[in-house]
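J.: sequence and computational prediction follow.
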Amino acid sequence: MDKPGSAAGDAVCPPADDMDVARYLLRIGDARPAAPTAAALRSLHRRHLLTVPFENLSQHCGGRWSTRATPDLRPAYDKIVDRRRGGFCYENNGLFAWLLTRLGFEVTLLAAQVRNTLTGRYGPPFDHLVSMVAAAGGGGRWLCDVGFGGTGFAEPLSLEVRDEPQTRGHLTYRIREDGDGDRDGVMRVLEVRGEGVRVQEGCEWAEMYKFTLAPRRREDFARMCEYHQSSPSSIFFCKSLCSILRPNGRLTYMGHRLITTTYPTEHSPLETTTRDLKDEEIPVVLENEFGVVLRSPLIPKDQDIVPPSVMY
């Protein structure tokens, strides 16, 4: 049995006898690090995003997600590692937190609220799960998120850098403190800017999500896990989707569309192409492009998201 990084980490991500770190590392194509350093954390984070899709396809195959956000991570492990699927934030980030803990990192689960770019509103509390990670050898604390998609960051962001830009690839991020409170309770807002990012008129930055550093447990997200499977205000209920990072861009399936984004270089601008898919093409695209093989027929969905009635 692999040893946890700390007692606190073990409480966040309880061990399971049939969950194997070596198989997980093989799944994401990374070697076991000699020590839980910041460099190792960056590699693990990027490799996870390049190999494990951000997706909600089980919900649109007549089923439910593999986890109810309970302490038991075995269903998520079976789905992501054994069946080579992906997941949404509670699955991808929850399981990644377990991996990091097994590798000796100090991990704290955090709750975030995502600002929907389509509705312009934040989701309810516990809308999104992310992790705060401390690595060996200094460098402070890092924000890790392998369950976001879209404008998500490929490598962890420093939580020690306040209000200062942090560049990751072609996008730049910053974490600004917003409001008063104690060290854990103060609200932080993650923002992004760069080519292809939609911002409000007169704004330089686009808000992604807000969060505090207050420690959470997986079971704290149970109610929101159900919300995302049943609410017309959730993108996961309204749209069947699958998205994965590529070395030079991102590939996204949504409804009956396949969207290919090529990131800009010094010689070429950002490019986005969209291909319309027929029903019979979708399973083939999912298998060939994302490595996802579904056990049940998919019902494609791409409905408008209803703005939540409550302002959060």
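T.: Done, it's in. Numbers count the residues shown, from 1 in each chain.

J.: for the stretch 101-250 of the chain, what spans make up the strands?
T.: Using DSSP state E, counting those that start in this stretch, the strands found in the stretch 101-250 of the chain span residues 106-114, 128-134, 141-144, 157-158, 166-168, 171-178, 187-194, 206-211, 241-246, 249-254.

J.: for these, give me CSV that also has mean pLDDT and mean neighbour count.
T.: Every residue, glycine included, has its C-beta placed from N, CA and C. What follows is the strands of the stretch 101-250 of the chain, written out as CSV (pLDDT from 0 to 100; neighbours: other C-beta atoms under 10 Å):
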stretch, mean pLDDT, mean neighbour count
strand 106-114, 97, 22
strand 128-134, 98, 24
strand 141-144, 98, 21
strand 157-158, 98, 16
strand 166-168, 97, 14
strand 171-178, 95, 17
strand 187-194, 96, 19
strand 206-211, 96, 21
strand 241-246, 98, 21
strand 249-254, 98, 20
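
J.: out of those strands, nearest to Gly29?
T.: strand 241-246 (13.0 Å; C-beta to C-beta).

J.: which elements pack onto that closest one?
T.: helix 38-51, strand 54-55, strand 249-254, helix 282-290 (3 or more C-beta pairs under 8 Å, 6 or more residues apart in numbering; DSSP states H and E).

J.: now the angle from it to helix 38-51?
T.: Here strand 241-246 runs at an angle of 130 degrees relative to helix 38-51 (axes from the mean of the first three to the mean of the last three C-alpha atoms, to 10 degrees).

J.: show me the shaky parts of the chain.
T.: 1-17, 63-71, 180-184 (pLDDT under 70).

J.: residues contacting the residue sitting furthest away from the middle of the chain?
T.: Relative to the C-alpha centroid of the chain, counting by C-alpha atoms, centre = their mean, His267 is the outermost residue, at 29.8 Å. If you count contacts by C-beta atoms under 8 Å, 6 or more residues apart in numbering, His267 has none.
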